[in-house]
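**Student:** the sequence and its predicted three-dimensional model are supplied below.
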Amino acid sequence: MNKNLRKAIIAGNWKMNKTRPEAKELIEAIKPLAANAGCEVVVCVPFTNLETAVEAVKGTNIHVGAQNCHFEKSGAFTGEISADMLKEVGVEYVVLGHSERRQYFGETDETVNKRLKAALAAELKPIVCIGELLWERECGITEEVLGKQCKLDFYGLTADEMKKCVIAYEPVWAIGTGKTATADQAEEACAYIRSVIAKMFDSATADAVTVQYGGSMNAKNAAELLSKVNVDGGLIGGASLKAPDFGEIIKAASV
Ligand code: 13P
């Protein structure tokens, strides 16, 4: 990461894990490990844990995120949660367009773009996930896929709005598979994403935007991934559920 230009963000995506007592226990265990962090630390927890998490992080440097929000303010959208509802609970971040939502719940670039605009309007900090499938990488179209996702997901934003977004580069083939992108692959993709943002907006915006890597990041490989100049942190699934491992990743991002 380039610490002169950007602050690293280490965010845990807990996915559909942890009851409320378990969430409290995990946050209590993360607290001392995050106390001297030289990066932003975020935990993105299930909806039912948001209040518990917001309460638990009070007075600490840990921030709370949700894992999705709907694009309408209110209405007949059974099972959905609005950006304003998250804001009201004290949530700061929201993950949008995760590949699991695209794969299992019909999320498209169009709905990600709408959710993103709703999140920004509610003054939430969006973490927008993009990334190629294995066969797209094998076909040699990784850049086309990332370029298309950036253009569609960030369509219609002002440069100021873009600067408030975090982009998570998550190659779908590396998620939950134990197959991490090499540090060079992560750097190449994150640098390419930044070049697309520079073309869509301007180079100052591209320099300011945080581009994380996500996909089997763990205590062992984090330092090497984070040593790359365009990798500004991580969105971590499995390893964020174990405090010591998450603590090691925070440490790696703090040097
Ligand atoms: P894993 O770290 O479990 O591969 O998950 C990555 C991810 O999907 C984070 O959003």
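**Tutor:** Nice, I can see it.

**Student:** when you work out contacts or count neighbours from here on, use the C-alpha atoms and nothing else.
**Tutor:** OK.

**Student:** assign the closest residue to residue 63 other than its chain neighbours to helix, strand or coil.
**Tutor:** Distances taken as Cα to Cα, 6 or more residues apart in numbering place residue 42 nearest to residue 63, at 4.5 Å, with adjacent residues excluded. Classification of residue 42 using DSSP: H, G, I helix; E, B strand; the rest coil returns strand.

**Student:** give me the beta-bridge partners of residue 42?
**Tutor:** residue 11, residue 63 (DSSP bridges).

**Student:** please name every helix or strand in contact with the helix or strand bottoming out on mean pLDDT in the chain.
**Tutor:** Using mean pLDDT, DSSP states H and E, the weakest-scoring helix or strand in the chain turns out to be helix 134-138, at a mean of 94. Counting contacts by 3 or more Cα pairs under 8 Å, 6 or more residues apart in numbering; DSSP states H and E, helix 134-138 packs against no other helix or strand.

**Student:** try 10 Å this time
**Tutor:** Contacts defined by 3 or more Cα pairs under 10 Å, 6 or more residues apart in numbering; DSSP states H and E place helix 134-138 against helix 142-153.

**Student:** show residues contacting the helix it packs on.
**Tutor:** Contact with helix 142-153 is made by 96-97, 108-117, 128-137, 141, 154-155, 167, 169, 171, 188-190, 192-197, 199-200, as judged by Cα atoms under 10 Å, 6 or more residues apart in numbering.

**Student:** PyMOL command to pick out the buried ones of those residues?
**Tutor:** The following PyMOL line selects those of these that are buried, judged by 16 or more other Cα atoms under 10 Å:
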select buried, resi 96+97+108+109+111+112+113+114+115+116+117+128+129+130+131+132+133+137+154+155+167+169+171+188+189+190+192+193+194+195+196+197+200
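
**Student:** got the residues of the stretch 1-150 of the chain near the ligand?
**Tutor:** Contact residues, the stretch 1-150 of the chain versus the ligand (Cα under 6 Å from any ligand atom): residue 13.
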